Every structure is written in C-alpha cells, then in structure tokens.
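Colleague: What follows is a protein structure lacking sequence information:
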C-alpha cells in the first residue's frame, strides 16, 4: 500500500514555477522548503484551476488531469521496474506542487518526482537559465530540461494541451545524462496514462 505523506524535496521544483506565475497577473504563495544543492528545474501546479477554453470539444484535459492522483499514475510494478520503491511514494500538494515523490529501495538517491500541472503549458514554463531540448515521448511533444548549475538533475515535461503538462523531475542522479535517462524512462512509462488534446 502506498504512503501518502507530504514530501518536502519535491516542493523545491515549484519555486521556479512560482517565478513564472509572478511574471503574469496571477498570484502565488511562497512555500518554505529545505535547502537543496544547486537549483531546481521549472514547473508548477495549481489544483484550483479548471479547464482551458482553447481545448478541442469533448476533451477537457485540464479537468481530467486535475482529477488524477500523481501517486496512482504508475503501478507498483512499474515503479519497481524504474528502480524506485513503491512504498516510498509521498504525495505532495503543498503550495504550487501537486506531485508524487519516490526514493530508491533502502532510501538514498536519486530522487524522482512526477508533477501534474493543469495551469501551465510547457511553453509557459520559465526556462531562464535552463537548457531546453525539444523531444517527443510517444505521440506527445516534450522538453528535456537541464541546468548547468545542477548537473545531477533533469526534467522531462510533456505537453498535454495548451493549458496542461506533466513533468518528471530527477535530482541527485549522478550526472546529467544519468538523471535524464531516468527521467526519459519514467516519462515513457507515464505517457500512456495521460489525457491529451486530440490531433
């Protein structure tokens, strides 16, 4: 059975996303987090926001994503196959974060985060000081996001609509390439379960 504790390390990821929100007319709430090594990659979520009027009829991706629980996207077997402990699953909905955080068996690193965001598209992420590479994960457009200041981290952000995306974030992954390999493998496992706009 999965634990539903509130994680702390994943909230660091939301800080850069909060800066994105501050650049617009929307307001956010700062969240105190424990210090982390290096910087965090961009991403955010706001569970109070509904669907996008720009989405195609019949598919309200934002609404569907907002009803999903991040700790239930992957099965225990899938989490185990990725090298993480299903029992370490920690749900986090503090501040701008709406995520599930995982650790390897017996603790330690790397750390992996699956974050749902039905408020921002990947094109609205604040990518200042980050390197973003266009990719695809299955049929979905994606960004592979890395940070020169934190070479042990990597983020894969998958576009679901003009309003929503999902991010997989890996921290303390050893090297950028090792962290990205984990993020890409997790993104491929997550992709089939995600709602998306048709066409």
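Modeller: Thanks, I have it. Since the structure is predicted, the reported quantities are computational estimates derived from the model, not experimental observations.

Colleague: For the rest of this, base every contact and every neighbour count on C-alpha atoms.
Modeller: Fine.

Colleague: I would like the residues contacting the longest helix seen in the chain, please.
Modeller: Longest helix in the chain, counting residues (DSSP state H): helix 176-190. Residues outside helix 176-190 that contact it (Cα atoms under 8 Å, 6 or more residues apart in numbering) are 73-74, 78, 82, 110, 112, 137-138, 144, 146, 151-156, 158, 168-173.

Colleague: The residues you listed in helices, which ones?
Modeller: Those of those mapping onto helices are residue 78, per DSSP H.

Colleague: out of the contacts of helix 176-190, which are buried?
Modeller: Buried by 16 or more other Cα atoms under 10 Å: 73-74, 82, 110, 112, 137, 144, 146, 151-156, 158, 168-173, out of these.

Colleague: just checking, which of these belong to strands?
Modeller: Among the buried ones among the contacts of helix 176-190, DSSP state E puts 112, 137, 144, 146, 154-156, 158, 168-171 in strands.

Colleague: farthest pair in the residues you listed?
Modeller: For these, the farthest-apart pair by Cα to Cα is 137 and 171; their separation is 20.2 Å.

Colleague: got the end-to-end distance for stretch 139-154?
Modeller: End-to-end distance for stretch 139-154, by Cα to Cα, to the nearest Å: 21 Å.

Colleague: Report the mean per-residue pLDDT for it.
Modeller: Averaged over stretch 139-154, pLDDT sits at 95.

Colleague: What lies in contact with that stretch?
Modeller: Contacting residues not belonging to stretch 139-154 are listed as 37-41, 122, 129-136, 155-160, 169-176, 178-180, 183, 191 [Cα under 8 Å, 6+ apart].

Colleague: Buried ones only from the residues you listed, please, as a PyMOL command.
Modeller: The PyMOL command for the buried members of the contacts of stretch 139-154 (criterion: 16+ other Cα under 10 Å) is given here:
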select buried, resi 39+40+41+122+132+136+155+156+157+158+159+160+169+170+171+172+173+176+178+179+180+183+191
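
Colleague: quick one, helices of this structure?
Modeller: Under the criterion DSSP H, helices of the chain are mapped to 11-22, 61-66, 76-81, 176-190.

Colleague: Compare those helices and say which comes out lowest on pLDDT.
Modeller: For those, mean pLDDT drops lowest on helix 11-22, to a mean of 36.
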